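this is a predicted model, with the sequence first.
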Amino acid sequence: MSHPYADLPATAFWRSAVAGTAPEALEGIAAPKFRLDGQSAIATAGSCFAQHVGRALRAAGLNVLDAEPAPPKCPPQVARDYGYGIYSARYGNIYSTRQLLQLLQDAMGDVVDPAAIWPRGRRFHDALRPTIEPDGFASPQEAVALRHTHLGKLRDLFQRATHFVFTLGLTECWADRESGRVYPTCPGVVAGAFDPARHVFMNLGWPEVMADLTAVRDLLRGLNPDLRMILTVSPVPLTATASGQHVLQASTASKAILRAAAGAFAEAHEDVDYFPSYEIVTNPAAGGRFFAPNLREVTAEGVAAAMQAFLAAHGVAERASSAPVALDEDVDLGDVICEEILLEAFRK
Amino acid sequence: MPSNLLILGNSHISAPRAALVSQPERWPGFEAATFGMPGGSLRHLVLKGKVLVPRDAQTRRTMKFFNHISRLPLEGYDGFVVVGGLAFASMISLVQDHRSLDFPSVRAGAGCELVSTALIEAMIRQRIDASVAMLMVRMLHGLGQGPVLFLPEPLISADCRTDPDAREATVSIARTGDGAYFHQRVMRQARHRFGRFSTLLEQPKDSIVDDIFTDGTLMRGSIRMTFRDEVPHEGTDYAHANATFGAMQLDQIVEAFAAL
């Protein structure tokens, strides 16, 4: 008797592909539509997990662009504290598709919203990248001037890039009710003040994420028609939810929306690919060992499993080194910069 | 005034040492032992008990070459002076292309790679804290044996402005007014950072030209940090001061100890 499952490869069956396979050595988990190679000029952005992606690509010898590098003799730790060298420009973590879209819109029009400069004491934070200056800017003028500089670098970045790797992190965000501008952190957490009359909670649904991704792609292709996108979903759960749901339910819903949208968007476009970081790290075969004891942060082993699979799929791991993916020697996993964790720190 | 004083530092120790040798009568009753090594080697000295010893064989050779000793007992000294080791001139590279809004050239509309004032402050702070001068000052302060003075190396010689091959970075940043401004920022932080462990004695104002250079007459004729003969620096050395400047430093030292 013949049926459609009879001739499927081992990767199609849970028992052989998952239950019976070491979670750090999944085979056939990714089949890129297009490959990264030595000629690729890669831009990276996204939620906290995206920091691991950028590091792994750099460690593998790929050309990860840095459009906004620190001063040449800046001590590495100072550079890192000030948000340099973490992503391809100094935008900090970009958690939601809406945040990415608005950043690109701002970059295209060189738009700086003065309402997005938040005070904290006598210092001023760029609300759209609140932790890139640990102590804030000296004045609103300085924050605005450096934002213009940043936006200019972004235009240059996406004109130069051949590939853009974006890690989708959250669907929940806080927005200015009037302007619709979303923030990476809830007002009042890093700086500014929360005003219930002005700030509104948003939880992006699948259609909104899809619409954002479409608009992002349109903007990027307008700037650089040959740019290709690689989407992945952060396996890091929500630190906290403002949805009213249990955080486990909220986190699962958020990741499900992002995963479904990223997959569908990649299927719809030849120039967009999806890589399953989320699946690799949350694989039940790992028995939870890809998560730290707080069940939120991804362990070095988990990061390596995901990134090894990514690099192998692109034929990069073999070319660069047969050794497991190495993280930056100067940076351990605890160094990942994640504003979201502040929600936990400031919990009453 | 400490009765048993040690002056130690990098190559910039030659200036006060030469002054002390050439005109001891200028400071009656003032005596001091001196100890000098290249800054990179000073970093490789470690404190064992109250004795400063080289960490490795290379440092031991260097210590012996410059001082004729391979260990420096610190017990018994009741005052210390650290000379040089801040390396202001090398900090200029931090703002070669990157400046913040408050720099005079930026205020005047000149282009640059714009960074925040806080980043500039953080870079300066890190450089100061990582300097060999800070290493020495903190170590000597930690001994608790007596006051510690710190004298940064002099600003580079104004003579370099007529040498197109020398110190282009400093000359260029000086032209815009940014050099003097940056120096003030560095010294403001240096006063704060060093002030926790020592008394910082800044370069005498009457030795400074155009806010960022040392008067060439105080630099020409400087000698190398050798223990044996007086070997002059080559004419294109714009970093080291001569015995006249060294005498000004000793005046500062004597005055500072008297005031403590």
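All right, it came through fine.

tell me the contacts of residue 253?
Because you didn't say which chain, this covers chain A. Residues near A:A253 by Cβ atoms under 8 Å, 6 or more residues apart in numbering or on different chains: A:171, A:245. Where C-beta positions appear, they are placed from N, C-alpha and C, glycine not excepted.

wrong one, chain B
Taking Cβ under 8 Å, 6+ apart as the test, what B:I253 contacts is B:7, B:16, B:81, B:149, B:151, B:201.

what residues are up against whichever residue of the stretch 1-150 of chain A sits closest to chain B?
Distances between the stretch 1-150 of chain A and chain B by Cβ to the nearest Cβ are smallest at A:P71, namely 4.1 Å. Contacts for A:P71 were tallied using Cβ under 8 Å, 6+ apart; they are B:94-98, B:113, B:115, B:119, B:123.

which strand or helix spans it?
In the assignment (DSSP states H and E), A:P71 maps to no helix and no strand.

residue boundaries of the strands in chain B?
Secondary structure of chain B (DSSP state E): strands located at B:5-9, B:32-36, B:45-48, B:51-54, B:72-73, B:79-83, B:98-99, B:113-114, B:148-151, B:199-200, B:208-209, B:213-214.

now those strands as CSV including mean pLDDT, mean neighbour count and distance to chain A?
Output for the strands of chain B, formatted as CSV (pLDDT from 0 to 100; neighbours: other Cβ atoms under 10 Å in any protein chain shown; distance: least, Cβ to the nearest Cβ, whole Å):
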stretch, mean pLDDT, mean neighbour count, distance to chain A
strand B:5-9, 96, 24, 23
strand B:32-36, 94, 19, 26
strand B:45-48, 95, 15, 23
strand B:51-54, 96, 18, 26
strand B:72-73, 96, 16, 30
strand B:79-83, 97, 27, 22
strand B:98-99, 95, 24, 4
strand B:113-114, 96, 16, 5
strand B:148-151, 98, 26, 21
strand B:199-200, 98, 20, 22
strand B:208-209, 94, 18, 25
strand B:213-214, 95, 25, 22
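
for the ones you listed, give me JSON lines that also has distance to A:Y95.
Conversion of these to JSON lines gives the following (distance: least, Cβ to Cβ, whole Å):
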{"stretch": "strand B:5-9", "distance to A:Y95": "51"}
{"stretch": "strand B:32-36", "distance to A:Y95": "55"}
{"stretch": "strand B:45-48", "distance to A:Y95": "47"}
{"stretch": "strand B:51-54", "distance to A:Y95": "52"}
{"stretch": "strand B:72-73", "distance to A:Y95": "56"}
{"stretch": "strand B:79-83", "distance to A:Y95": "49"}
{"stretch": "strand B:98-99", "distance to A:Y95": "29"}
{"stretch": "strand B:113-114", "distance to A:Y95": "26"}
{"stretch": "strand B:148-151", "distance to A:Y95": "47"}
{"stretch": "strand B:199-200", "distance to A:Y95": "46"}
{"stretch": "strand B:208-209", "distance to A:Y95": "51"}
{"stretch": "strand B:213-214", "distance to A:Y95": "51"}
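
give me the buried entries from the contacts of A:P71.
With burial judged by 16 or more other Cβ atoms under 10 Å in any protein chain shown, the buried subset of the contacts of A:P71 is B:94-95, B:98, B:115, B:119, B:123.

centroid residue for the chain?
Because you didn't say which chain, this covers chain A. What sits nearest the mean C-alpha location of chain A, by Cα atoms, centre = their mean, is A:G46, with 1.8 Å.

that answer is for a different chain, and I need it for chain B
With distances taken as Cα atoms, centre = their mean, the residue of chain B nearest its centroid is B:G84 (2.0 Å).

not counting sequence-adjacent ones, nearest residue to that one?
In space, B:G84 comes closest to B:H12 once its chain neighbours are excluded; the distance is 3.2 Å by Cβ to Cβ, 6 or more residues apart in numbering or on different chains.

same deal with A:A107?
Spatial nearest neighbour of A:A107, chain neighbours left out: A:L154 (4.0 Å); criterion: Cβ to Cβ, 6+ apart.

could you verify that A:A115 is part of a strand?
No - with DSSP: H, G, I helix; E, B strand; the rest coil as the criterion, A:A115 is helix rather than part of a strand.

correct me if wrong: it contacts A:S179.
Yes - the criterion here is Cβ atoms under 8 Å, and A:A115 meets it with A:S179 at 6.9 Å.

coming back round to it: count of residues packed around the residue nearest to B:G84?
By the criterion of other Cβ atoms under 10 Å in any protein chain shown, B:H12 has 27 neighbours.

B:P38 now?
Summarising burial for B:P38: neighbours were counted as other Cβ under 10 Å, giving 15.

same thing with A:C74?
By other Cβ under 10 Å, the residues close to A:C74 number 24.

got it, and A:E301?
So A:E301, with other Cβ under 10 Å, has 16 neighbours.

show me the contacts for it.
Contact analysis of A:E301 by Cβ under 8 Å, 6+ apart lists A:24, A:289-290.

circling back: so which of the contacts of A:P71 belong to helices?
Within the contacts of A:P71, residues falling in helices by DSSP state H are B:119, B:123.

between which two of the contacts of A:P71 is the distance greatest?
Maximum pairwise distance among the contacts of A:P71 (Cβ to Cβ): 14.2 Å, between B:Q96 and B:L119.

give me the buried positions along stretch A:167-179.
By 16+ other Cβ under 10 Å, the buried positions in stretch A:167-179 come out as A:167-176.

convert the C-alpha atoms of it to PDB, please.
Output in PDB follows, covering the C-alpha atoms of stretch A:167-179 (Å, rounded to 0.1, in the frame of the first residue of the first chain):
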ATOM      1  CA  THR A 167      15.100  38.500  15.200                       C
ATOM      2  CA  LEU A 168      11.400  39.000  16.100                       C
ATOM      3  CA  GLY A 169      11.000  39.200  19.900                       C
ATOM      4  CA  LEU A 170       7.700  40.500  21.200                       C
ATOM      5  CA  THR A 171       4.200  41.400  20.100                       C
ATOM      6  CA  GLU A 172       3.500  43.400  23.300                       C
ATOM      7  CA  CYS A 173       4.500  47.000  23.300                       C
ATOM      8  CA  TRP A 174       3.600  50.400  24.700                       C
ATOM      9  CA  ALA A 175       2.700  53.200  22.400                       C
ATOM     10  CA  ASP A 176       1.900  56.900  22.400                       C
ATOM     11  CA  ARG A 177      -1.900  56.900  22.100                       C
ATOM     12  CA  GLU A 178      -1.900  60.000  19.800                       C
ATOM     13  CA  SER A 179       1.100  59.400  17.500                       C
END
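
run the chain-centre distance for it.
With Cα atoms, centre = their mean, to the nearest Å as the basis, stretch A:167-179 stands 14 Å off its chain's centre.

repeat for stretch A:131-146
In terms of Cα atoms, centre = their mean, the centre of stretch A:131-146 is found 23 Å from the chain centre.

show residues contacting it.
Residues contacting stretch A:131-146 (Cβ under 8 Å, 6+ apart): A:81-83, A:90-92, A:112, A:114, A:117, A:120-121, A:123-126, A:190-191, A:337, A:339, B:100-102, B:114-119.

show me which of those are buried.
The buried subset of the contacts of stretch A:131-146 - by 16+ other Cβ under 10 Å - is A:81-83, A:90-92, A:112, A:117, A:123-126, A:190-191, A:339, B:100-101, B:114-119.

against chain A, how distant is B:L218?
28 Å (Cβ to the nearest Cβ, to the nearest Å).

number of residues surrounding that residue?
By other Cβ under 10 Å, the residues close to B:L218 number 26.

burial measure for A:V182, as a count.
Neighbour count for A:V182, taken as other Cβ under 10 Å: 22.

and the pLDDT for it?
Note for A:V182: predicted pLDDT of 97.

was I right about it contacting A:F201?
No - applying Cβ under 8 Å as the test, A:V182 and A:F201 come out as separate, 10.5 Å apart.

so what sits against both of the two?
With Cβ under 8 Å, 6+ apart, A:V182 and A:F201 have common neighbours A:173-175.
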